[in-house]
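Student: structure for the following, please:
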Amino acid sequence: MNLLIVEDNEKTRNLLRRIVAGRAQAIYECTDGAEALSAYTAHQPDWVLMDIRMPHLDGLTATRQIKAAYPQARVIIVTSFDEAEWRDAAHQAGACGYVLKENLVELIPLLSDVIPTSSGND
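Tutor: Next up, the predicted model:
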């Protein structure tokens, strides 16, 4: 599995990388939603882990852009915002998952539910 992490905070990117490292063959990173579409186009990752609040282009807009260009894209919003309106906005933007930064371990079963780990039958 290949992942794209879109997160402006370096410490959070490092933490995300460590959490998913055992599952990912390749991990790509960018620091802003403005870079997300071109990074997705270049790497065609299986998953995008997308922050919401970033300096130049927010993650919801970036998610809409990616989904418009690549309807098959799978985006999980990774954020500190736990309000229903943010979850609804993420769903409307096309995200297929929503994980709070305080519960990042929830990423592993979410990724496992949709993309099984390699069992040698690929």
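Student: next, the contact list for the residue nearest in space to the middle of the chain, please.
Tutor: The chain has residue 49 as the residue nearest its centroid, 1.3 Å off, counting by Cα atoms, centre = their mean. With contact taken as Cβ atoms under 8 Å, 6 or more residues apart in numbering, residue 49 is in contact with 3, 4, 5, 6, 7, 16, 20, 76, 78, 107. The way it works is simple: take the backbone N, C-alpha and C, and place the C-beta from them, glycine included.
Student: show me where the protein has its strands.
Tutor: Using DSSP state E, the strands of the chain run over 2-6, 26-30, 47-50, 75-79, 97-100.
Student: and among those strands, the most buried is which?
Tutor: Among the strands of the chain, strand 47-50 has the highest mean neighbour count (mean count of other Cβ atoms under 10 Å), at a mean of 27.
Student: neighbouring strands for that strand, and are they parallel or not?
Tutor: strand 2-6 (parallel), strand 75-79 (parallel) (DSSP bridges).
Student: got the CA positions of stretch 90-104 in PDB?
Tutor: Extracted in PDB, the C-alpha atoms of stretch 90-104 (Å, rounded to 0.1, in the frame of the first residue of the first chain):
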ATOM      1  CA  ALA A  90     -15.400  16.000   5.200                       C
ATOM      2  CA  HIS A  91     -18.000  13.500   4.000                       C
ATOM      3  CA  GLN A  92     -19.500  16.000   1.500                       C
ATOM      4  CA  ALA A  93     -15.900  16.700   0.200                       C
ATOM      5  CA  GLY A  94     -15.600  13.000  -0.600                       C
ATOM      6  CA  ALA A  95     -13.500  11.700   2.400                       C
ATOM      7  CA  CYS A  96     -14.200   8.100   3.200                       C
ATOM      8  CA  GLY A  97     -12.900   8.300   6.800                       C
ATOM      9  CA  TYR A  98     -12.300  10.700   9.700                       C
ATOM     10  CA  VAL A  99      -9.800  10.200  12.400                       C
ATOM     11  CA  LEU A 100      -8.900  12.500  15.300                       C
ATOM     12  CA  LYS A 101      -5.300  13.300  15.900                       C
ATOM     13  CA  GLU A 102      -5.700  12.300  19.500                       C
ATOM     14  CA  ASN A 103      -6.700   8.700  18.300                       C
ATOM     15  CA  LEU A 104      -4.300   8.100  15.500                       C
END
